[in-house]
Each structure stands twice: as structure tokens, then as C-alpha cells.
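Trainee: prediction below, plus the sequence it came from.
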Amino acid sequence: MQELGLPKFRAAQIHTWIYAKNVSSFDEMTNLGAPVREKLKQVARIGCLEIAHLQVSRDETRKYLFQLPDGKIVESVLMSFNDRTTLTACVSSQVGCAVGCTFCATGYLGFKRNLTAQEIVDQIMMIQRESGKRIANIVYMGQGEPLLNTEEVIKSIHTLIESVGIGARHITVSTSGVIPGIERLRDEDLPVCLALSLHAPDSKTREEIVPITKKYPLGPLIESLKDYADSTRRRVTIEYVLLAGVTDRPEQAKALAEMVRDVHCMINLIPFNPTENNLGEIMYERPSREAQLKFKQLAERTGKTVTIRLERGTDIDAACGQLHNKFLKAK
């Protein structure tokens, strides 16, 4: 505002219009005179993303493909649940992903680049503008590994807390197990929730499906998780995908329960959502409902809360990377 020769208080007004009132144009800022709005149009824009595609599920889940200024595409999801009054948005932190989990459609895209903090925040702002709804919960579980883009993710969290008005305790960062990122997030002293995509309780299986395990082994990873929970006093979430015949065996459920016995955590089981790899093959199958419930029962043996994820948007390619892959193939 100073560079434009305008009073400092205009900055606060504009900030309120963008983050609190969620406007998409300067013309909507009615307490700014027309000359001020024209000046702003010449030097700035609100938002850096465009909606490339939108799908709406029968359960009202909304899956967005956002186009970035360089033409690349990322995904976001808006979810609502019958038993909750609040809305949850799942956002991306990278274009593609370098981790390469074998069951994840995003991994087949490869890594393109990190998102900036503003590109992350703008996913939330665009969803709120398009849907006309206020988001209360944020999960960094879209495309990419958030803790391989730690500094921009942390910047975006500060903006979400301080400007958008979303409480830190309503923000969850998911990681495949990047120990330096977990430590950096801990040191920032933000009371956000941490979720670990564990997916297997033994090194051999986990190295096969989550290759980053070779760099960050299970033993030190679980210790870093315990340290995060103890330091932040926040319960962490263990995400565990159930792949028929691969990660859903009874002995694995027992091993999982023992592995996290001393971690302040809950366990969230994720029945696999069948996904094609880049050759058009489906590598894994979904376990039966009976197998899911049996695994849940055994995983509860050390007293942890164990849930089976309530799925949303299965009719609209809502799993990470699915819609992105389909969109690129169609082009």
C-alpha cells in the first residue's frame, strides 16, 4: 500500500476482504474507492489457481483439479460427513510425488515440483469461493509428501491459522515417514496433528510398498513419532492401508498393535481403493469386509482406538492422483 501511495490501513482492509470475506475480485471491496480498486487491478490479482475440472460425488464430496500459473495440475478434495457439522478439505503440497508408494496413483505421476505456500493456501480459498462453504478442518493428504516441502508447508500453516482463521488443532499433516521433516515440524511448536502413513509393521513389506523406508527405517521412525507426540502433547494418527494378502494378515495386525503400544496414537485403517498403475494394471485388491473387521479387532489388542476410514467420493476418482491421471490421459 505504501508503494502505491495509499494509507497503511488499506492493507488491513484488503486482508480482511481476501481472507475473512473470501472475495474473488477487487471490485467486491466496497469500502475501497474506485481509483484504489483500479490501482490494485494493475499490480495484483486475488488467487493464483484456476479450476481445470470439478467432479461432485453422490455423497457431496467435491474433487477439484486446480491449474497452477505454470499450467501444471494439482488435486484437492472437499468432504462432508453426516455425523459432523464441519467440512474438511484435503490439499496437495507438491505436483506429483517422489516417494513412489506402489499403491498410490500420485506416485505414478512422478515428482514435478514443490508448491509454494500461497499455492497451498489458495486451494482452500478457491474451494471456499466455489462451494460457498466455510472449511473448518485441513488435511495435508493430497498429492505429494508434505515433509519433503517442509518450509512452504509450515508457511502455509501459519497463514491458515493467522489469516484464514483455521485452528492449529484442526490441521493435520500426513507423512510417509520423513524423519527430518517430523523433527522440523516439532521444532516449529505448532500444535498441529501428525499422521504417519505406516501401511506395514515389518521392514520387508514396508520397503516394498513404501520405498522411502530404506532411507528412514521403521525403528528410528517410530521413535521420532513418539518424540513428536510427547513434545507436542498431540495424539498422532497411524494411517494403514489394507491390501488383500499383502498388509491385511492377522499376524500383521498383531505386530502393528505391538509396534505402536508406547506411542500416543490412534490407528486409522484404509481399505484399498483399486488404482491403476501407469501401465493400466491394478496391482492390489481390496480385502473383504470380514478381513477388515478381523484386522481391526486384532489391532485393538493393546488398547488403541482403531477405526476403519469412512470412504468418500469413491464414484468420482477421489483417491489421490486418480482424477489427475484420468485428466491427463483424456488430454
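Mentor: Alright, I've got the coordinates.

Trainee: all contacts plus neighbour counts: C-alpha atoms, from now on.
Mentor: OK.

Trainee: look up phi and psi at K214.
Mentor: Main-chain torsions, K214, degrees, to the nearest 10: phi -60, psi -30.

Trainee: could you check how far the closest residue to it other than its chain neighbours is from L198?
Mentor: Counting by Cα to Cα, 6 or more residues apart in numbering, K214 lies nearest to E207, which is 6.1 Å off, once chain neighbours are set aside. To L198, E207 is 11 Å away according to Cα to Cα, to the nearest Å.

Trainee: which stretch of helix or strand covers the residue nearest to K214?
Mentor: helix 203-209 (DSSP states H and E).

Trainee: more neighbours, E207 and L198?
Mentor: L198 (23 against 18; other Cα atoms under 10 Å).

Trainee: T237 is in contact with that one, correct?
Mentor: No. In this structure, L198 is not within contact of T237 by Cα atoms under 8 Å, at 9.7 Å.

Trainee: any idea of the pLDDT on the residue nearest to E300 when sequence neighbours are not counted?
Mentor: Ranked by Cα to Cα, 6+ apart and with sequence neighbours excluded, the top spatial neighbour of E300 is V306, at 6.1 Å. With respect to pLDDT, V306 has a value of 97.

Trainee: report the contact partners of V306.
Mentor: For V306, the contact set (Cα atoms under 8 Å, 6 or more residues apart in numbering) comprises 266-269, 296, 299-300.

Trainee: ok, 7 Å please
Mentor: Contacts for V306 (Cα atoms under 7 Å, 6 or more residues apart in numbering) come out as 266-268, 296, 299-300.

Trainee: what lies in contact with the helix holding E207?
Mentor: Counting by Cα under 7 Å, 6+ apart, 101-102, 199-200, 213-214, 218 sit against helix 203-209.

Trainee: and stretch 31-38, by the same measure?
Mentor: For stretch 31-38, the external contacting residues (Cα under 7 Å, 6+ apart) are 26-27.

Trainee: which parts of it are buried?
Mentor: By 16 or more other Cα atoms under 10 Å, the buried positions in stretch 31-38 come out as 36-37.

Trainee: all helices for the stretch 201-331 of the chain, in order.
Mentor: Using DSSP state H, counting those that start in this stretch, the helices of the stretch 201-331 of the chain run over 203-209, 218-232, 250-259, 289-299, 322-330.
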